[in-house]
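> Give the three-dimensional model of this entry:
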Amino acid sequence: MTEPRTRPLARSWVALSCVLIVLELVLVYEAVQADMAGLQKVFGVFVGVAILCFASLLYMVKLVFYD
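Below is the predicted model of the structure:
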């Protein structure tokens, strides 16, 4: 039986994931603030960008762990 080969996780991937998580949290916070202020168009923009940020985070996780 062969043992799985493991590699250490590069610091650049960790840094990129931290940046994406912080960016997503900021975008969600701004979307909530825009919704509370009654600015639905601005809310839609922030939510859309937050969804794109989350999708890029999921794609990065797929690249790191499954490729």
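> tell me, how many neighbours does Leu63 end up with?
By other Cβ atoms under 10 Å, 10 other residues sit near Leu63. (C-beta placed from N, C-alpha, C; glycine too.)
> pLDDT at it, what is it?
The model reports Leu63 with a pLDDT of 87.
> mind listing the helices in this structure by residue range?
Using DSSP state H, the helices of the chain run over 11-36, 40-66.
> helices or strands up against the shortest one?
Contact here means 3 or more Cβ pairs under 8 Å, 6 or more residues apart in numbering; DSSP states H and E; on that basis helix 11-36 packs against helix 40-66.
> roughly how far is the helix it packs on from the heart of the chain?
For helix 40-66, the separation from the chain centroid amounts to 5 Å (computed by Cα atoms, centre = their mean, to the nearest Å).
> I'd like to check the angle between that helix and helix 11-36, please.
If you take axes from the mean of the first three to the mean of the last three Cα atoms, to 10 degrees, helix 40-66 sits at 160 degrees to helix 11-36.
> Next one: Ala34 relative to Leu25, how far apart?
15 Å (Cβ to Cβ, to the nearest Å).
> no, scratch that, I was asking about Leu52
Separation of Leu52 from Leu25 (Cβ to Cβ) stands at 15 Å.
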